[in-house]
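Asks: Can you look at this prediction? I've put the sequence above it.
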Amino acid sequence: MKILFASSEAHPLIKTGGLADVSGALPKALRDLKQDVRLVLPAYQELLARAGHLTEVARLALTGSVEPVRVLEGVLPGSAVPVYLIDAPLCFDRPGNPYSGPDGKDWPDNAQRFAVFCRAIVELAQDRVGLNWRPDRVHCNDWQTGLVPALLSLETPRPATIFTVHNLAYQGLFDQAGFLALDLPSTWWSMHALEFHGHLSFIKGGLVFADALTTVSPTYAAEIRTPEFGCGLDGLLNQRAAQLTGILNGADYALWDPASDPLLDAHFSRQSLKGKDANKQALQQFFGLPTDARLPLFAHIGRLVEQKGIDLVLDILPELMRRPLQLAMLGSGQAAFEAALRAAQTVYPERLGIRIGYDEGLAHRIEAGADLFLMPSRFEPCGLNQIYSLRYGTLPIVRRTGGLADTVVDATPASLDAGTATGFVFDAATPEALLACIDRALRLYTQRTAWTRAIKNAMAQDFSWARSAQLYLKLYLDLYRAT
């Protein structure tokens, strides 16, 4: 089967979050299943510097671009997956991350930028760039590719389309002037198409027009059909419930495995945990914390935003610092949260280690060196860090939502006896519920036999992409070829 996989980011070329991990891993897993899968990305300035050898294979005249758009071909590093880069310099040759400038503010022309990207994807999908390759399926991801299913709906014949929601809270909303500037069919300015409360909604292009819809965990697929998590789109998602599937994201264990991870200070495995102690000591030293093997080391990696529950952590921080523990945190986000963490570190220098920003190598070292991983998200479509934590024997503390609910088994007396416990789960998004869950974890930490058994349970879990890729392949096969 020929599959064109469209995304706005993919690891290791460009990454701002979990979408990049998925887009870097799922195409490789599908290729392992003998599928002809090819990846298409925007040619960002930062990405081009990492892409290796590239060949220009086409030049396109596209609506919305005043200059020809080049299609460059290369290979996703560390794989055999072909990559097409859409090189539109006025759209993508600029500093900053894919969606915002160095000042942290969204690029004001994001609608135009990603509309050009979507139109280029359509040309690839319809084999109008001279590659003599026409995909059977086009798999789009998040709002940045949302116009692709809509634009392909105007084509006959066309490939079937799949649209995956990685986070419904990010919808690609722009004003009506933005809609008019994109030269889209006027009939799409409708609540039944792309209009959403007086705005152009890129994500609705996927939700309304794609042949199949997926999201990144079974629980999140149910949650987004409710007013609490539907972000105003639950009505539409309920209308399309028959086309909506939840397929859990996987982990790329070629990159995330403590037995072989080249970024660690020492390797370890489920059979021999000895190296985990060395990683803990190295992590304590890195963050300037006392190297005390007896103190449980908690960790958090993520965006410093309310979705991730960082405010809950800050609310309980004074009480937490009275417990016998240490906490290491890596992330960036809202300025107020960053400032609050920096201030707290000056108050608790021997208990709290903070690094503002993101560092892939440090993320691996944190997963390996910590004893417990804090992930108290208000909502979490899938989450990957809790999956990484399981493999690294770092027991997750999570709220029962989305993919967190689908991947972590709470350490209750029954699950501990049954040998199925892999972490700690709480329900209410409150400081009190989070602190109570942490206290449960601290009690188990003192019971070394039960603690070690839970670690080995966690490390035995298999959330590899192999199973998830099989589910996607079945979905592709079940889809009709649209005519």
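Replies: The structure has been received and is ready for your questions.
Asks: Near residue 33, how many other residues are there?
Replies: By the criterion of other CB atoms under 10 Å, residue 33 has 13 neighbours. (Each C-beta comes from the backbone N, C-alpha and C, glycine too.)
Asks: scratch that, residue 106 is what I was asking about
Replies: Residue neighbour count, defined by other CB under 10 Å, stands at 10 for residue 106.
Asks: distance of the closest residue to residue 97 other than its chain neighbours from residue 337?
Replies: What sits nearest to residue 97 in space, not counting adjacent residues and going by CB to CB, 6 or more residues apart in numbering, is residue 16, at 5.4 Å. Counting by CB to CB, to the nearest Å, the separation of residue 16 from residue 337 is 17 Å.
Asks: More neighbours: the two, which one.
Replies: Remark: of residue 16 and residue 337, residue 337 carries more neighbours, 21 against 14, as counted by other CB under 10 Å.
Asks: can you tell me the helix or strand for that one?
Replies: helix 335-347 (DSSP states H and E).
Asks: list the helices and strands that helix packs on?
Replies: For helix 335-347, the packing partners by 3 or more CB pairs under 8 Å, 6 or more residues apart in numbering; DSSP states H and E come out as helix 310-320, strand 352-356.
Asks: repeat that for 10 Å
Replies: Under the contact definition 3 or more CB pairs under 10 Å, 6 or more residues apart in numbering; DSSP states H and E, helix 335-347 sits against helix 310-320, strand 326-331, strand 352-356.
Asks: buried residues in that helix?
Replies: For helix 335-347, the neighbour count (16 or more other CB atoms under 10 Å) marks 337-338, 340-341, 344-345 as buried.
Asks: Just the closest of those residues to residue 74, please.
Replies: Residue 74 has its nearest neighbour among these in residue 338, at 35.6 Å by CB to CB.
Asks: Identify the bridge partners of the closest residue in space to that closest one that isn't next to it in sequence.
Replies: Among residues not flanking residue 338 along the chain, residue 356 sits closest, at 5.3 Å (CB to CB, 6+ apart). Legend: beta-bridge partners of residue 356 under DSSP bridges are residue 331.
Asks: quick one: low-confidence parts of the stretch 251-400 of the chain?
Replies: Low-confidence segments of the stretch 251-400 of the chain (pLDDT under 70): none present.
Asks: Do a quick rundown of the strands in it.
Replies: 297-301, 326-331, 352-356, 372-375, 395-399 (DSSP state E, counting those that start in this stretch).
Asks: Can you tell me the strand partners of the fourth one and which way each runs?
Replies: So the one you mean is strand 372-375. Strand pairing for strand 372-375, using DSSP bridges, gives strand 297-301 (parallel), strand 395-399 (parallel).
Asks: Count the neighbours of residue 130 for me.
Replies: Residue 130 has 12 neighbours, counted by other CB under 10 Å.
Asks: what sits against it?
Replies: Residues near residue 130 by CB atoms under 10 Å, 6 or more residues apart in numbering: 57-60, 71, 123.
Asks: Got a quick PyMOL command for the buried subset of the residues you listed?
Replies: Selection of buried members from the contacts of residue 130 for PyMOL, criterion 16+ other CB under 10 Å:
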select buried, resi 58+60+71+123
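Asks: Using TSV, lay out the contacts of residue 130 together with secondary structure and distance to residue 194.
Replies: Output for these, formatted as TSV (DSSP: H, G, I helix; E, B strand; the rest coil; distance: CB to CB, whole Å):
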residue	secondary structure	distance to residue 194
57	strand	31
58	strand	28
59	strand	29
60	strand	23
71	strand	26
123	helix	20
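Asks: quick check, nearest of the contacts of residue 130 to residue 439?
Replies: Closest approach between the contacts of residue 130 and residue 439, by CB to CB: residue 71, at 56.0 Å.
Asks: That closest one - nearest residue in space that isn't next to it in sequence?
Replies: residue 58 is the one closest to residue 71 (CB to CB, 6+ apart), at 4.1 Å.
Asks: Ok, residue 301 next?
Replies: In space, residue 301 is closest to residue 330, 4.8 Å off (CB to CB, 6+ apart).
Asks: hmm, back to that, which of the helices and strands packed on helix 335-347 sits most buried?
Replies: Across the helices and strands packed on helix 335-347, averaging neighbours per residue (mean count of other CB atoms under 10 Å) puts strand 326-331 on top, at a mean of 23.
Asks: Taking strand 297-301 as reference, get the angle to that strand.
Replies: Interaxial angle, strand 326-331 versus strand 297-301 (axes from the mean of the first three to the mean of the last three CA atoms, to 10 degrees): 10 degrees.
Asks: list the helices and strands strand 326-331 packs on?
Replies: For strand 326-331, the packing partners by 3+ CB pairs under 10 Å, 6+ apart come out as helix 274-286, strand 297-301, helix 310-320, helix 335-347, strand 352-356, helix 360-369, strand 372-375.
Asks: Make TSV out of those and add distance to residue 32.
Replies: Formatted as TSV, the helices and strands packed on strand 326-331 follow (distance: least, CB to CB, whole Å):
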stretch	distance to residue 32
helix 274-286	29
strand 297-301	28
helix 310-320	37
helix 335-347	40
strand 352-356	35
helix 360-369	23
strand 372-375	28
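Asks: Which one of those lies nearest to residue 215?
Replies: Each of the helices and strands packed on strand 326-331 has some distance to residue 215 by CB to CB; the shortest is strand 372-375, at 18.5 Å.
Asks: Which member of the buried residues of helix 335-347 is positioned nearest residue 51?
Replies: Checking the buried residues of helix 335-347 one by one against residue 51 (CB to CB), the nearest turns out to be residue 338, at 31.2 Å.
Asks: residues in contact with the closest one?
Replies: Taking CB under 10 Å, 6+ apart, we find residue 338 in contact with 304, 310, 331-332, 354, 356-357.
Asks: what residues are up against residue 68?
Replies: Residues in contact with residue 68 (CB under 10 Å, 6+ apart) are 58-62, 87-88.
Asks: What separation do you get for it and residue 372?
Replies: From residue 68 across to residue 372, the span is 53 Å (CB to CB).
Asks: so what pLDDT did residue 18 get?
Replies: On pLDDT, residue 18 comes in at 86.
Asks: Count the neighbours of the closest residue to it other than its chain neighbours for me.
Replies: Spatially, and ignoring its direct neighbours in sequence, residue 18 is nearest to residue 384 (5.1 Å; CB to CB, 6+ apart). A total of 23 residues lie near residue 384 under the criterion other CB under 10 Å.
Asks: can I assume residue 384 is in contact with residue 402?
Replies: No. Taking contacts as CB atoms under 10 Å, residue 384 lies outside contact range of residue 402: 11.8 Å.
Asks: shared neighbours of these two, anything?
Replies: Common neighbours of residue 384 and residue 402 are listed as residue 216 (criterion: CB under 10 Å, 6+ apart).
Asks: how about the nearest residue to residue 175 once chain neighbours are set aside, what does it touch?
Replies: Leaving aside its sequence neighbours, residue 175 sits nearest to residue 199 (CB to CB, 6+ apart; 6.2 Å). By CB under 10 Å, 6+ apart, the residues touching residue 199 are 171-176, 178-179.
Asks: Contacts only, for residue 22.
Replies: Neighbour list for residue 22: 5, 7, 9-11, 141-142, 164, 166, 216, 249-250, 252, 382, 384, 465, 468 [criterion: CB under 10 Å, 6+ apart].
Asks: Could you do residue 71 as well?
Replies: Residue 71 touches 40, 43, 55-60, 84-87, 120, 123-124, 129-131, counting by CB under 10 Å, 6+ apart.
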